[in-house]
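**Student:** this one's structure only:
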């Protein structure tokens, strides 16, 4: 069930109406069944995998908690990690690694070696729910969290439908207590939830889907062979597409959860206003970047030892973060670019800490400097997104190879106008949110104003949606 | 809302006429149902075609932009079900249209009923979400026409937006080897059997599109192999870019004049041949 399809909203309305009539325990059971229905809507066979994986992790967490301080708990912990990543590895990365191995053998002169490939469909949301299960197991093992006593509660924490397919990846310490405690109906939060859903639909159906038209045209060669202008149109349009798409998805997810009395962590905080990539990753896909920070970067040593070890940890985290997005070398390179740039930024930020520079930096910091840094960061991001968007490394290199050519065509004006038309309003909203520092759009405005804006949003949605590019980009991850 | 749509008005009128098509009596002009997409809509001057073939043919066109194989497979099924009985069915496909695996957004409302929607969804292997979207397009004019509104507004807001259209169309890659012929033959066979089951003869018209010479030849050969007459009224090689509109896909007025004249000759001749063979 896609979040921007009418059938989802029929489902959501039915679930919300029934849900608030039930007691807390019945609500959880009902939501679990509704979530399984939502997941099984794609392919009911994937349900077995998710339920199986949920059950095993629930039982292992009990074992870990019971055997404290028994040394067996470490074995249970490792078993759970191996199992979770093995399932993810087989479904998502097996063919990728076999293919890459075959390619290496071919380069070394061993041709036509028969290697096993499996015909398998990637179960929706597997990367998201696996990370959530791993976070739970790690937190229980580290003693940061008591294991859930109720299987229904734990299963609901893993499979609650608003976050099930594409996040935001919920922290056990944030969501599990909400599942376990009763939830009271709050009209204000319900209203905020509805506005979030509207905001998400606008971001997805208006911004992302229309920018997708341009991005797809640029990357598929329909705007002509790659040159500076095509690359500019393609990467800028893709940046706004993927931002509108995923932040839209996250808003609909958060809004839907809010209608059910849950609060999900915010996943995007005006990422294109970042002044460097470090800040970008604090604002972009926050649920993933903080997961990687807490469960990968810090266990690797983080920045504790400084020097090259911090750079190594950064690079490892970003490369694995890139690979999380998909089984393709393009994602690895995307992650590596970010890892390298983050290391470079770290080097300069360490150098900047000298007192004389600090004084000088205060002088140069101003409007111009702020926007120069924002634009520079955005352009570095766009260049890395060329790898993210391209189907292969060679096509990404070929695409970026056109940067030195500047052949202008009059049609590009239309493309730029269209790009501005759909990206600038979102930039404007981001600037407003940045200035107000609020979680919800126009949170301080009176009800009437917010209702009026929802009506306008509905009209804009009616007029500018309707593109065929309706699949969410992050569904594939 | 749909009553404000020129397309809806045109297709509804054409569809209603097509439902009432009946086989001609002896000495009467043969009844011909002609279906296709914007290539025929722009490339065929229907009044002129009727004038040129008035003694031999009674032509009933239904042209809906963006339609392809599945639109007309189910569109024709519904027409036959509703009582339409033409003696000849002419389908206008070029390569993309013939190979397309999908249906045009306006077809569920204009050409299908609910069971056709479910049939198309099953044939295309659509998931529940896509199927429900298609059903909604069948029931809601607003849902079905959203992309039309969007296009019209963008045309007003973005300067020279129409120039961008040829760039953003999605071109289909023609499968290599025998796959192209295999798909085409299977589809044409299905259409032929459908038409023959209702007493009609199927004819394929391949309208010209730029750089389509090889594909047109391959289509014509594949068509003959499954016993469907293929008409190529104008060789695409014979048309210079000046016969096409700015989008470089559709014929312009001059192109349409040439295509219509050629089609009138070829169609009359082929229908006469078919009639003679049958008699």
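**Tutor:** Looks like it arrived, so ask away. Small disclaimer: the values here were computed from a predicted structure and weren't measured.
**Student:** can you confirm residue B:204 is in a strand?
**Tutor:** Yes. The assignment for residue B:204 by DSSP: H, G, I helix; E, B strand; the rest coil puts it in a strand.
**Student:** Number of residues surrounding it?
**Tutor:** For residue B:204, the count of nearby residues is 25 (other CB atoms under 10 Å in any protein chain shown). All C-beta spots, glycine's among them, are computed from the backbone N, C-alpha and C.
**Student:** Tell me how far it lies from residue B:216.
**Tutor:** 11 Å (CB to CB, to the nearest Å).
**Student:** which regions of the stretch 151-279 of chain B sit below the pLDDT cut-off?
**Tutor:** B:165-175, B:177, B:211-212, B:277-279 (pLDDT under 70).
**Student:** What helix or strand is the residue of the stretch 1-150 of chain A found nearest chain B located in?
**Tutor:** Of all residues in the stretch 1-150 of chain A, residue A:7 sits closest to chain B, at 4.1 Å by CB to the nearest CB. Remark: residue A:7 resides in helix A:6-19, with elements defined by DSSP states H and E.
**Student:** Off-centre distance for that helix?
**Tutor:** Mean-position distance between helix A:6-19 and its chain equals 24 Å (CA atoms, centre = their mean, to the nearest Å).
**Student:** State the pLDDT value of the closest residue to chain A within the stretch 1-150 of chain B.
**Tutor:** For the stretch 1-150 of chain B and chain A, the shortest gap (CB to the nearest CB) falls at residue B:146, measuring 3.1 Å. Residue B:146 carries a pLDDT value of 77.
**Student:** SS state for it?
**Tutor:** helix.
**Student:** do residue A:406 as well
**Tutor:** Residue A:406 - assigned by three-state DSSP - is coil.
**Student:** For chain A, what lies in contact range of chain B?
**Tutor:** Within chain A, the positions adjacent to chain B are A:1-2, A:5-8, A:41-42, A:213-214, A:216-217, A:222-224, A:410-411, A:413-415, A:417-418, A:421, A:462-468 by CB under 8 Å from any CB of the partner chain.
**Student:** can you do 7 Å?
**Tutor:** Residues of chain A lying near chain B by CB under 7 Å from any CB of the partner chain: A:1-2, A:5-7, A:41-42, A:213, A:217, A:222-223, A:411, A:413-415, A:417-418, A:421, A:463-467.
**Student:** before we move on, which element is residue B:230 in?
**Tutor:** strand B:229-231.
**Student:** and that strand, what other elements does it pack with?
**Tutor:** With contacts taken as 3 or more CB pairs under 7 Å, 6 or more residues apart in numbering or on different chains; DSSP states H and E, strand B:229-231 sits against strand B:201-205, helix B:213-225, helix B:253-278.
**Student:** please redo it, this time with the cut-off set to 10 Å
**Tutor:** On a contact count with 3 or more CB pairs under 10 Å, 6 or more residues apart in numbering or on different chains; DSSP states H and E, strand B:229-231 meets strand B:88-92, strand B:201-205, helix B:213-225, helix B:253-278.
**Student:** Which of those sits closest to chain A?
**Tutor:** That would be helix B:213-225 among those, by CB to the nearest CB, at 18.8 Å.
**Student:** and for residue B:204 and residue B:216, which residues touch both?
**Tutor:** B:230, B:232 (CB atoms under 10 Å, 6 or more residues apart in numbering or on different chains).
**Student:** The helix holding residue A:7: what's the following helix or strand?
**Tutor:** Next element after helix A:6-19 (DSSP H and E): helix A:24-40.
**Student:** can you pull the buried residues of that next one?
**Tutor:** In terms of neighbour count (16 or more other CB atoms under 10 Å in any protein chain shown), helix A:24-40 has its buried residues at A:27, A:28, A:30, A:31, A:32, A:34, A:35, A:36, A:38, A:39, A:40.
**Student:** repeat for stretch B:102-122
**Tutor:** So, applying 16+ other CB under 10 Å, buried residues of stretch B:102-122: B:102-112, B:116-121.
**Student:** same question, stretch B:141-155
**Tutor:** Within stretch B:141-155, the residues scored as buried using 16+ other CB under 10 Å are B:141, B:143, B:144, B:145, B:146, B:147, B:148, B:149, B:150, B:154.
**Student:** Pick out the most distant pair among these.
**Tutor:** Maximum pairwise distance in the buried residues of stretch B:141-155, criterion CB to CB, is 20.1 Å, between B:141 and B:154.
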